[in-house]
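Chemist: no sequence on this one, just coordinates:
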């Protein structure tokens with residue numbers, strides 16, 4: 001992993017197939033892809049393949065602010081790894097991030113590890 005990356009891990013008491021589906025299916029993405037209870041994700045689409053896009057809309061429930069996210073997948077290995085490049089335009093600034101999601105299964109739990117690296121240009125994440 002890159003020393004400038006932010007890395008988070010979550011252990012989820014569910015089989016890896018269930019966790020993967022909740023992570024990638026648009027009907028599930030809209031149920032968890034927001035930062036707090038006063039925000040929501042009214043729409044999501046996801047084409048889980050190399051070169052495919054995941055597009056989501058995040059906005060305040062009172063509609064005072066919102067933004068669109070667009071991810072492009074660089075690497076997809078079902079139930080194991082997703083690597084993507086995300087651009088977000090907020091407040092007239094474009095931010096670019098490289099993200100890696102690792103899915104691993106131990107007994108009846110799944111660990112999802114996320115590595116995020118902010119960049120001004122598109123780069124492949126370092127392992």
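Modeler: Cool, got the structure. This one's a predicted model, so the numbers in the text were calculated from it and none came from an experiment. Numbering: from 1, shown residues only.
Chemist: Residue 52 contacts residue 73, correct?
Modeler: Yes. With contact defined as C-beta atoms under 8 Å, residue 52 reaches residue 73; the gap is 5.1 Å. C-beta here means a position set from N, CA and C on the backbone, and glycine is covered the same way.
Chemist: So for the two, which sits in the more crowded spot?
Modeler: residue 73 (18 against 14; other C-beta atoms under 10 Å).
Chemist: Let me know the secondary structure of residue 23.
Modeler: helix (DSSP: H, G, I helix; E, B strand; the rest coil).
Chemist: so what's it up against?
Modeler: 29, 82, 101, 103, 112 (C-beta atoms under 8 Å, 6 or more residues apart in numbering).
Chemist: pLDDT score assigned to it?
Modeler: Residue 23 carries a pLDDT value of 89.
Chemist: again, but for the one 3 residues further on
Modeler: pLDDT, residue 26: 97.
Chemist: Over to the one 3 residues further on?
Modeler: pLDDT recorded at residue 29 is 94.
Chemist: how close does it sit to residue 104?
Modeler: Counting by C-beta to C-beta, to the nearest Å, the separation of residue 29 from residue 104 is 21 Å.
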